[in-house]
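K.L.:
I'd like to go over a predicted model; first the sequence, then the structure.
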Amino acid sequence: MTIFTRITRTTAVAAMGLGLASGAQALDLRGWNIHVEDYPVSIAMESFIDEVSEKTGGEVTGQVYHNGVLGSQPDAIEQMRLGVLDFGEFSLGPMGQAVPETNVVSLPFIFASVPEMYRLMDGAVGEAIGEGMRAKGIQPLGWYAAGARSFYNSVRPINTPADVDGLKVRVMSNDLFVKMIEAMDGNATPMAFAEVYQSLKTGVVDGAENNPPSYESTNHFEVAKYYSLTEHLIIPECLCMSLKTWEKLTPEQQDIVMTAGRASAELQRELWADREAASLETVKAGGTEVNTVADKAPFQQAMTPVYEAFLADNPDLSDLVELIRTAE
C-alpha cells in the first residue's frame, strides 16, 4: 500500500467518522508487525484493519506499522498488554514469558500436521490458550500460520529418528530444541541464524531446520541438499488485541473485530501455503531432494524424555498438553 493510498483511505474513513452518532467514541488503532509490507502476515493485517474500518462505518480505524518500527517483539507484547499498542501479530514462541500456556506449542511434534494445528487452534485448544492470554491482558482474534519447521542436511534424508543419529544440527537457542536433537542421538548446535549458511558450507554443522520459505530464501538449499518434511515444530502465530483496547469497543464492534480477525487468518493461511509451495518448487529445481516423513509416531515416541522434563517444570500445563496429544 502506497503512502498516498494510506492517506486517502485514512482521510475517507475520517470523513465517515463525522457521521458517528452523538456520543460514540471513535478509535484509531496502532498495530505492530515485524514483517515487510508484502509478507503474507502484513497483507492479512491490512485486510483486517480495512474490514474493521469499513464494517464499523469509520468508528474504528487504524494503521499497521510494519518492519518492527514500533519496537522488538518482546517489547511490543508488553506494550500491548499495557494498552500502549492496540493490536499486533506475534509468534506464540516468544509469548511464553508473558503467557505460560503458549509454551506448549513449542513442544516438538505436539501437532501431527498443519491442518491439525488449524483445527485445534480454531477449537478447544485455541480457546484454552486464549484464556491464558486474556488473563495477561491479550485478546486473540485469529490464529495465523508460520509454517512447519523441518530438517535439512548435507548427509542423508531423514525418515526415522535413527537418521538423526550423529548429525550435527543447528537449532535455535532453546533448551527444548537442544533436547529434541539429543533425544534422537544427534548433536545439537545452537548458533545465530546468520552463521548457518557458512557453517553448513564448511561442515561445522551437517544440517539445520526451518520452514520452506526460510530454507529457500537464505540459499541454505545450496549447501544442504536433503530436505525432510518432519514438520517437528508447528508454532502458530496470533493476531491479537490489547484487552484494554478490546474493552473500549461496543459489543457490536467486538463482533466486527472478531469476524475480521478470523477472516484475515484464513487469508494469511492461504497466502502462506502459496509461499511454501513456491519455495519447495524452487529448491527442487535447484537440486534439493525433498522427502515426506510418512510415519511421525516414532519421532513422537522419541520425544518422551523431552515432554517429561517439560511437564516436570510446568505441571500446570499437563492438562493442555494432554488435550492436544489426545485430540482426534
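P.N.:
Yep, it's here.

K.L.:
which element is Ala260 on?
P.N.:
helix 251-285 (DSSP states H and E).

K.L.:
packing partners for the next helix or strand after that helix?
P.N.:
Counting by DSSP H and E, the next helix or strand C-terminal to helix 251-285 is strand 289-292. Under the contact definition 3 or more C-beta pairs under 8 Å, 6 or more residues apart in numbering; DSSP states H and E, strand 289-292 sits against strand 226-233, helix 251-285. Placement of C-beta: from N, CA and C, glycine included.

K.L.:
give me every residue that touches the residue lying closest to Pro40 once chain neighbours are set aside.
P.N.:
Nearest residue to Pro40 in three dimensions, chain neighbours excluded: Leu271, at 3.6 Å (C-beta to C-beta, 6 or more residues apart in numbering). Applying C-beta atoms under 8 Å, 6 or more residues apart in numbering, we find Leu271 in contact with 40, 43-44.

K.L.:
hmm, back to that, Asn67: which of the helices and strands packed on strand 289-292 is closest?
P.N.:
helix 251-285 (17.4 Å; C-beta to C-beta).

K.L.:
Please point out which parts of the closest one sit buried.
P.N.:
253-254, 256-258, 260-262, 264-265, 267-269, 271-272, 275-276, 279-280, 282-283 (16 or more other C-beta atoms under 10 Å).

K.L.:
Can you give me the pLDDT of the residue nearest to Pro40?
P.N.:
pLDDT, Leu271: 97.

K.L.:
and Pro212, how many neighbours does it have?
P.N.:
26 (other C-beta atoms under 10 Å).

K.L.:
make that Phe310, sorry
P.N.:
The burial count for Phe310: 22, using other C-beta under 10 Å.

K.L.:
got it, and the one 4 residues further on?
P.N.:
Close neighbours of Asn314, defined as other C-beta under 10 Å, add up to 16.

K.L.:
quick one: what helix or strand has Gln139 in it?
P.N.:
strand 138-144.

K.L.:
Now Tyr152: phi and psi?
P.N.:
phi -140, psi 150 (degrees, to the nearest 10).

K.L.:
What are the boundaries of the strands in the chain?
P.N.:
Assigned by DSSP state E, the chain shows strands spanning 27-32, 60-65, 87-91, 138-144, 149-153, 168-171, 187-190, 207-210, 226-233, 237-242, 289-292.

K.L.:
Spit out the contact partners of the closest residue to Val306 other than its chain neighbours.
P.N.:
Once flanking residues are discounted, Val306 sits nearest to Lys179: 4.8 Å by C-beta to C-beta, 6+ apart. Going by C-beta under 8 Å, 6+ apart, Lys179 touches 188, 305-306, 309.

K.L.:
Quick check on the residues you listed: which are buried?
P.N.:
188, 306.

K.L.:
Okay, and which of the contacts of Lys179 map to helices?
P.N.:
Residues of the contacts of Lys179 located in helices (DSSP state H): 305-306, 309.

K.L.:
on that earlier part again, any idea of the angle the helix holding Ala260 forms with strand 60-65?
P.N.:
30 degrees (axes from the mean of the first three to the mean of the last three C-alpha atoms, to 10 degrees).

K.L.:
Phe111 is in contact with Ala145, correct?
P.N.:
No: between Ala145 and Phe111 there is no contact under C-beta atoms under 8 Å: 11.7 Å.

K.L.:
Test of understanding: give the bridge partners of Glu89.
P.N.:
Leu239 (DSSP bridges).

K.L.:
from memory it sits against Val41, does it?
P.N.:
Yes: between Glu89 and Val41 there is a contact at 5.3 Å, judged by C-beta under 8 Å.

K.L.:
Between the two, which contacts overlap?
P.N.:
Common neighbours of Glu89 and Val41, using C-beta under 8 Å, 6+ apart, are 33, 35, 144, 237.

K.L.:
With adjacent residues omitted, what lies nearest to the first one?
P.N.:
When you say that, I think you mean Asn33. In this structure, Asn33 finds its nearest non-sequential neighbour in His66, 4.9 Å apart by C-beta to C-beta, 6+ apart.
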